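Chemist: Sequence isn't available, so here's the structure alone:
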């Protein structure tokens, strides 16, 4: 059976009978594989993913030269992220969830997290992008000690905290400007009404 064949490949001569740990096939759990064997990709897959990181970074860098815009709900023109960039960020999130040291190292060495944060703060109205980037940050910051190097890279070299503070100050400034504009408009309207009353 498929279960017996899988168990034999994993070194369980009993063909999936009691005594082995659970693995997963199309027919359900079988014996003979550890949890790590089920969740860690094969070496050849890891190699492909590691080699893909630099290409992802190269494409994401192109956002700096992209002048395309899209009409927002308010009719204002905002920068256009594009579906390809969004899917590449989604892919990076999935790769980080696998939690493989070689992939983490490639992401750090290629400066991909800096690019991801650049996108996050540039395309401030793209909620799908923000959701995926939040997942990336969660994977890293809530990771084990094995990810200490990547965590340090994110906070120090990528300037995560500084970026957050700058964004907060920008929002505060924009709110203050909006409040001042509303106050000026209210004063002008008041004067107009007073003039008509006279």
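Modeler: Happy to help now that I have it. From a predicted model like this one, the values you see are computed outputs, not experimental measurements. Residues are numbered from 1 along each chain as shown.
Chemist: now the strand or helix carrying residue 97, how far from the centre of its chain.
Modeler: Residue 97 is part of helix 83-98 when elements are defined by DSSP states H and E. Here helix 83-98 is found 6 Å from its chain centre; the criterion is Cα atoms, centre = their mean, to the nearest Å.
Chemist: Is it correct that residue 70 falls within a strand?
Modeler: Yes: under DSSP: H, G, I helix; E, B strand; the rest coil, residue 70 falls within a strand.
Chemist: Measure how buried it is and give me the count.
Modeler: Using other Cβ atoms under 10 Å, residue 70 is surrounded by 13 other residues. Quick note: C-beta positions are derived from backbone N, CA and C, even for glycine.
Chemist: which of the residues in stretch 131-150 are buried?
Modeler: By 16 or more other Cβ atoms under 10 Å, the buried positions in stretch 131-150 come out as 132, 133, 135, 136, 137, 139, 140, 147, 150.
Chemist: hmm, which two among those residues are most spread apart?
Modeler: Pairwise distances across the buried residues of stretch 131-150 (Cβ to Cβ) peak at 18.3 Å, for the pair 132 and 147.
Chemist: For the buried residues of stretch 131-150, could you give me CSV that also reports secondary structure, pLDDT and distance to residue 68?
Modeler: Output for the buried residues of stretch 131-150, formatted as CSV (DSSP: H, G, I helix; E, B strand; the rest coil; pLDDT from 0 to 100; distance: Cβ to Cβ, whole Å):
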residue, secondary structure, pLDDT, distance to residue 68
132, helix, 97, 20
133, helix, 96, 20
135, helix, 96, 26
136, helix, 96, 24
137, helix, 95, 27
139, helix, 94, 30
140, helix, 95, 30
147, helix, 94, 35
150, helix, 95, 32
